[in-house]
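**Q** after the sequence you'll find the predicted model.
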Amino acid sequence: MNNLINSIPEFLGEFRGLSDLDLSHNSLTGPIPNTFGELCHIQRIDLSHNQLTGSLPPVLTQLTSLSELSLSTNALSGDIPINI
């Protein structure tokens, strides 16, 4: 826990070499940024235990290296794409 609040910064998508992103157990709100689709080497994303809203961005299906995606305990809505 980092005590982060507000929305997930769009600029995180600029870190294309990132392989692991853990923003769990914070107070992050709003949607998952579409810029996450640019994280071409990401293997693990943990956004659990926040207050995220909206649906999963379709760009997440483009993350071919992603092997673990944790989104529990948020207020996300909609279907999970089959490709994830």
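**A** Done, it's in. Numbers count the residues shown, from 1 in each chain.
**Q** worst-scoring helix or strand of the protein, pLDDT-wise?
**A** strand 5-7 (a mean of 91; mean pLDDT, DSSP states H and E).
**Q** next structured bit after that one?
**A** Remark: after strand 5-7, the chain's next helix or strand is strand 20-22, criterion DSSP states H and E.
**Q** residues in contact with that next one: which ones?
**A** Identification of contacts with strand 20-22 by Cβ atoms under 8 Å, 6 or more residues apart in numbering yields 12, 39, 42, 43, 44, 45, 46. Every C-beta, even on glycine, is put in place using the N, C-alpha and C of the backbone.
**Q** for the residues you listed, give me TSV that also has neighbour count, secondary structure and distance to residue 84.
**A** Formatted as TSV, the contacts of strand 20-22 follow (neighbours: other Cβ atoms under 10 Å; DSSP: H, G, I helix; E, B strand; the rest coil; distance: Cβ to Cβ, whole Å):
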residue	neighbour count	secondary structure	distance to residue 84
12	15	helix	18
39	24	coil	14
42	25	coil	13
43	14	coil	14
44	15	strand	13
45	23	strand	11
46	17	strand	14
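**Q** please name every helix or strand in contact with the least confident helix or strand of the chain.
**A** strand 27-30 (3 or more Cβ pairs under 8 Å, 6 or more residues apart in numbering; DSSP states H and E).
**Q** each with direction, which strands does the strand it packs on pair with?
**A** Strand 27-30 pairs in its sheet with strand 5-7 (parallel), strand 51-54 (parallel), by DSSP bridges.
**Q** I appreciate the help and will end here.
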